[in-house]
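Undergrad: kindly generate the corresponding structure for this input.
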Amino acid sequence: MPRVCDICGKKVLFGSTISHSHRVTRRKFLPNLKTVKAVVNGKVKKIKVCTRCLKAGKVELAG
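TA: Numbering: from 1, shown residues only. The predicted structure is shown next:
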């Protein structure tokens, strides 16, 4: 399963780790995803949602 928010589509970003001596290596920035039970089209379903969407209330949680 990909690390993507099912609501907003936020996904993994790539960047660089830069050491004190300025050696550059590639790294990943992972989104802060939570698996929640939400109501989707009238049915309860498990979806992956980023914490920004949860805080904004874009998800109707089941339960």
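
Undergrad: any idea which element Arg52 lies in?
TA: helix 51-56 (DSSP states H and E).

Undergrad: alpha carbons of that helix, as PDB, please.
TA: In PDB, the C-alpha atoms belonging to helix 51-56 read as follows (Å, rounded to 0.1, in the frame of the first residue of the first chain):
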ATOM      1  CA  THR A  51      -3.200  14.400  10.700                       C
ATOM      2  CA  ARG A  52      -3.800  17.700   9.000                       C
ATOM      3  CA  CYS A  53      -7.000  16.400   7.400                       C
ATOM      4  CA  LEU A  54      -8.100  14.800  10.700                       C
ATOM      5  CA  LYS A  55      -7.500  18.100  12.600                       C
ATOM      6  CA  ALA A  56      -9.400  20.100   9.900                       C
END
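
Undergrad: show residues contacting that helix.
TA: Helix 51-56 has contacts (C-beta atoms under 8 Å, 6 or more residues apart in numbering) with Cys5, Ile7, Cys8, Lys10, Asn32, Leu33, Lys34, Val36, Val59. The way it works is simple: take the backbone N, C-alpha and C, and place the C-beta from them, glycine included.

Undergrad: could you redo the last one with a cut-off of 10 Å?
TA: By C-beta atoms under 10 Å, 6 or more residues apart in numbering, the surrounding residues in contact with helix 51-56 are 5-8, 10, 31-34, 36, 38, 47, 50, 58-59, 61.

Undergrad: report the buried residues of that helix.
TA: For helix 51-56, the neighbour count (16 or more other C-beta atoms under 10 Å) marks Cys53, Leu54 as buried.

Undergrad: go on, stretch 7-25?
TA: In stretch 7-25, counting by 16+ other C-beta under 10 Å, buried: Ile7, Lys10.

Undergrad: next: stretch 27-42.
TA: Going by 16+ other C-beta under 10 Å, stretch 27-42 has these buried residues: Pro31, Leu33, Val36, Ala38.

Undergrad: any chance of these in CSV, with pLDDT, distance to Phe14 and secondary structure too?
TA: Output for the buried residues of stretch 27-42, formatted as CSV (pLDDT from 0 to 100; distance: C-beta to C-beta, whole Å; DSSP: H, G, I helix; E, B strand; the rest coil):
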residue, pLDDT, distance to Phe14, secondary structure
Pro31, 97, 13, coil
Leu33, 97, 17, strand
Val36, 97, 26, strand
Ala38, 97, 29, strand
